[in-house]
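Colleague: got a predicted model here, sequence first, then my questions.
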Amino acid sequence: MAKKQKKVTPERTPTKHQLSKWQRQMRIRRIVITAAVVFLVGIGIWVGLETYKDYKSDPLRQVVIEVNGVPFTMEYFVKTLDAYTAGMNSTVISYYGDYFVDMVADNIINAELVRQGAKENLRIEVTTEEIDAKLKEYELPNDSVYRDIIRYDLLQEKLNEYFGSQLPNTMEQAHAQVMLLESQEVVDEVITKVEAGGNFTALAEEFSCNSSIKGDLGWLPEELMPNTLIADAAFNLTVGEISQPIYDETAIKDVGYWLIEVTDAQNETINAQVMLLTSEVKAEQVEAELAAGGNFSALAGNYSQHESKTNGGKLDGLEPGDMGSAAFDEVAFNLTVNEVSEPVKDGSVQTTGGYWLIKVVDRGGHELEENVREELIAKHLNDWLEEWSEESTIETYLDAAKKSWAINQVLAGR
């Protein structure tokens, strides 16, 4: 039996009219879809711009500090400022506002630098559990500001432990005694007294004119010596030897000598020409030049270490207390007009330039004393942080207006 043939339906070919209709429908569909996409994109851009405008117009959301790309907003800054000044009254905050603002900005920057550097360079981190425990111990709020403050404190403790672990128990050290003297003439006087049996540290107490670097320094490694001049002498002199006087033009002395000439006096106010000289000897030399006809303004410009030297030493309208020196006032407000004073010693000012005398008591390998170890740890930590800071990108956008605004925000919440 023959198989039944399957009926084949002839394939229909669209007419030109149908093709034209379909193509027109496809074009309309593409236009509609494109318009919808453009509309939605436009809506997205508009919403984004409005959000950005809102963000930019809200001071609390503005970025005020960036550390290696990590941003800190004004809101975070204000909360941190509030945390660091907690317990202080409004008067104190208002009076010391600029100081507190700068301190908090530095702390935010340093805390973030320490966090990043400790993690990336030393693999040192603080865990969430450690922060939680400290917050509970100190009964502090569990928010980002206080967590960051606690993290910073804990990281510094861990870094102190890290740098302390790098130190040996014994180091090459020198035991030195030092004094800073104002002139060669004083140096000669002190050396004469030492050679006659005078005690070096007792003489340093009497003659040294740097209150922070004088007398017995104790055992110190080279890197903790007060400056390179002292370090070079301490580690090269023969033990028991006193150095030749070493002139140091940058050395800061806690003494100066005024020469004062009053040019006019009215009631409690005077006009004057002044010079602040680095030593009594220099003051006497300049005084002699004035007596020989020297020009006060020219000599002040050449020798004075007071800021008035740029104006020839002229200071008009002075009242008692303006110079912040009782020694100055006692002489200046009792001088006869056009009379030049004798050199006036003033221990309330600072001048630069002096002569170091250094005596090496002993030198060699010596066990690190606890205070010396702590100083070394602090120095190594600071050196590490400074090096890391130089490699970092730090941006601060806190101008005077933003600082004032931040202070007012804290005060408004008190």
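Modeller: Perfect, thanks for sending it.

Colleague: which parts of this protein are strands?
Modeller: 63-67, 70-73, 170-181, 215-220, 246-253, 256-266, 269-277, 314-318, 344-346, 351-367, 394-396 (DSSP state E).

Colleague: the second one: how far from the chain's middle?
Modeller: Yep, that's strand 70-73 we're talking about. Put simply, strand 70-73 sits 20 Å off its chain's centre (CA atoms, centre = their mean, to the nearest Å).

Colleague: cool, the fourth one as well?
Modeller: What separates the centre of strand 215-220 from the centre of its chain is 28 Å, taken as CA atoms, centre = their mean.

Colleague: how much does it deviate in direction from strand 351-367?
Modeller: 40 degrees (axes from the mean of the first three to the mean of the last three CA atoms, to 10 degrees).

Colleague: could you pull out the helices in this structure for me?
Modeller: Using DSSP state H, the helices of the chain run over residues 16-57, 74-84, 90-95, 97-122, 128-138, 144-165, 184-195, 200-207, 228-234, 280-291, 296-303, 326-332, 370-391, 400-412.

Colleague: nearest to Ser348, of those?
Modeller: helix 326-332 (6.8 Å; CB to CB). For the C-beta atoms, the positions are set from N, CA and C on the backbone; glycine is no exception.

Colleague: so what's the closest residue to Pro343 other than its chain neighbours up against?
Modeller: In space, Pro343 comes closest to Ala283 once its chain neighbours are excluded; the distance is 3.6 Å by CB to CB, 6 or more residues apart in numbering. Going by CB atoms under 8 Å, 6 or more residues apart in numbering, Ala283 touches 257-259, 275, 277, 343.

Colleague: quick one: pLDDT of Ala283?
Modeller: Note on Ala283: pLDDT of 98.

Colleague: now Ile260
Modeller: pLDDT, Ile260: 98.

Colleague: gap between it and Thr269?
Modeller: As judged by CB to CB, to the nearest Å, Ile260 and Thr269 stand 15 Å apart.

Colleague: of those two, which one has the most company?
Modeller: Neighbours were counted for Ile260 and for Thr269 using other CB atoms under 10 Å; Ile260 has more, 25 against 14.

Colleague: who's the more buried one bridged to?
Modeller: Here Ile260 sits in beta bridges with Val274, as judged by DSSP bridges.

Colleague: that one contacts Leu335, correct?
Modeller: Yes - in this structure, Ile260 is within contact of Leu335 by CB atoms under 8 Å, at 6.4 Å.

Colleague: list residues touching both of these two?
Modeller: Residues touching both Ile260 and Leu335 (CB under 8 Å, 6+ apart) are Ser341.

Colleague: circling back to that earlier point, so which of the strands of the chain is nearest Lys403?
Modeller: That would be strand 63-67 among the strands of the chain, by CB to CB, at 9.4 Å.

Colleague: got the buried residues for the closest one?
Modeller: Under the neighbour-count criterion of 16 or more other CB atoms under 10 Å, strand 63-67 has 64-67 buried.

Colleague: one more: stretch 231-249?
Modeller: Result for stretch 231-249 [16+ other CB under 10 Å]: buried residues 231, 233-235, 237, 242-243, 245-246, 248.

Colleague: from those residues, pick the one nearest Glu387.
Modeller: Using CB to CB, the buried residues of stretch 231-249 come closest to Glu387 at Ala231, 21.2 Å.

Colleague: now the buried residues of stretch 231-249 in CSV, with distance to Val145?
Modeller: Shown next, in CSV, are those (distance: CB to CB, whole Å):
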residue, distance to Val145
Ala231, 43
Ala233, 49
Ala234, 46
Phe235, 47
Leu237, 53
Ile242, 56
Ser243, 53
Pro245, 54
Ile246, 50
Asp248, 46
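
Colleague: farthest-apart pair in those residues, please.
Modeller: Phe235 and Pro245 (18.5 Å).

Colleague: low-confidence regions, this structure specifically.
Modeller: 1-57 (pLDDT under 70).

Colleague: how about the residue lying closest to Val281 once chain neighbours are set aside, phi and psi?
Modeller: Leaving aside its chain neighbours, Val281 sits nearest to Ser183 (4.4 Å; criterion: CB to CB, 6+ apart). With angles defined as degrees, to the nearest 10, Ser183 sits at phi -150, psi 170.

Colleague: same deal with Lys214?
Modeller: Dihedral angles for Lys214 - degrees, to the nearest 10 - are phi -160, psi 160.

Colleague: any idea how far it lies from Gln62?
Modeller: Taken as CB to CB, the span from Lys214 to Gln62 is 50 Å.

Colleague: which one of these two has more residues nearby?
Modeller: Counted by other CB under 10 Å, Lys214 and Gln62 do not tie: Lys214 has more neighbours, with 19 against 16.
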